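In: Got a sequence here, can you build the structure:
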Amino acid sequence: MYEIFLIIAILVILFLVIGIHQKNTNGICLSRRRLEGKTVLVTGGTAGMGLEIAKDLADRGARVIIACPFNEEGVSARKQIVEETENQNVEFKLLDLASLESVRKFAANILANEERLDILINNAGVGVPVDALTTDGMHFIMQVNYYGTFLMTLLLLPLLKKTGSTNDPSRIILTSSVLHQMGQMDFDNFNRTNYWYRLQIYGNSKLCLILFGKELAQRLKGVNVVVNCVDPGAVGTRIFDSGNRIAGFFLKMFINTLFKTTWQGAQTALHVALDKKAGEVSGEFFKNCAISEPAPRARCDKTAKVLWEESMRLVNLSNDELVQIFR
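Out: I've put the predicted structure just below:
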């Protein structure tokens, strides 16, 4: 019995030490930049980290567009942002990243109705809710976390290019995860069901985002648009509810206590969106508001190019469309 209590005491102390270290090393966005006259788009900006990001940007005076697939959640989030920031220039738009049709309709709406797009924050994502294919034939987790973001980002490039300038380039932020380190580049099996553990699929999707950012940065050289990836760290969001709600509840409490709250998790994305020096680099990976190194497999140029071509095929993006996008 004594040994059991001793082990428990050691674990508690260990967790407290880890928590204190994490809380003391979490990066904070220090930029005081104002955003009057700027337009920002935050996918998944209706809950969790995305909502914190959207509130911060609205508080800086930006026109903020938040997007998610749930109308009630979007309307409620917009109301909350307006009430807390007193910025009326906030708009909610429906976007379902699990549907290529929805992504194209959303992008067309933005291109037709917005005069500029200064910052695109691809924050939306899912955890491990289902092991199933979408109507587009892609794995649900992969399509929401990666393929939908891939297509939407490219479709919005003309407006980002039009908005960016030499002194103030437009910025694209892709939200990855520390779990990209467990990701595997298995193109033949990315979209199979009953093949992967769902957590592995999540890791695959987050690895793909980093490789996409790397390849896109190469293709945007000489263009006034920069793209960077962020790892927000372990953040207690509702993404943990997607597996088991009871386990998710306790995981969120544990992570919020020892690692990051949603506000703390939002800081690196805000830093990359706002910091002057962060706007001078492209194709980088940020963690705790500083440039970091992703896993070695996330730095392979050849893999990034193969992923790009395979992604274009799966989202039905033709070469002619791509030429128009980059023209």
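
In: Please identify which helix or strand holds Lys79.
Out: helix 71-85 (DSSP states H and E).

In: and that helix, what does it pack onto?
Out: Judged by 3 or more C-beta pairs under 8 Å, 6 or more residues apart in numbering; DSSP states H and E, helix 71-85 is in contact with helix 48-59, strand 63-68, strand 90-94. For the C-beta atoms, the positions are set from N, CA and C on the backbone; glycine is no exception.

In: For that helix, buried residues please.
Out: Gly74, Ala77, Arg78, Ile81, Val82, Thr85 (16 or more other C-beta atoms under 10 Å).

In: ditto for stretch 101-118
Out: In stretch 101-118, counting by 16+ other C-beta under 10 Å, buried: Ser102, Val103, Arg104, Phe106, Ala107, Ile110, Glu114, Leu117, Asp118.

In: Format these as JSON lines; extra columns: pLDDT.
Out: JSON lines is the format used below for these (pLDDT from 0 to 100):
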{"residue": "Ser102", "pLDDT": "98"}
{"residue": "Val103", "pLDDT": "98"}
{"residue": "Arg104", "pLDDT": "98"}
{"residue": "Phe106", "pLDDT": "98"}
{"residue": "Ala107", "pLDDT": "98"}
{"residue": "Ile110", "pLDDT": "98"}
{"residue": "Glu114", "pLDDT": "98"}
{"residue": "Leu117", "pLDDT": "98"}
{"residue": "Asp118", "pLDDT": "98"}
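
In: Restricted to helices, list those residues.
Out: Ser102, Val103, Arg104, Phe106, Ala107, Ile110 (DSSP state H).

In: can you put those residues in a markdown table and add distance to Gly283?
Out: Compiled in a markdown table, these are given as follows (distance: C-beta to C-beta, whole Å):
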| residue | distance to Gly283 |
| --- | --- |
| Ser102 | 28 |
| Val103 | 23 |
| Arg104 | 26 |
| Phe106 | 26 |
| Ala107 | 23 |
| Ile110 | 24 |
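
In: Just the closest of these to Gly233, please.
Out: Proximity of these to Gly233 (C-beta to C-beta) peaks at Val103, which lies at 27.6 Å.

In: OK, contacts around that closest one?
Out: Shown in contact with Val103 (C-beta atoms under 8 Å, 6 or more residues apart in numbering): Leu95, Asp96, Leu97, Gly148, Leu151, Met152, Leu155.
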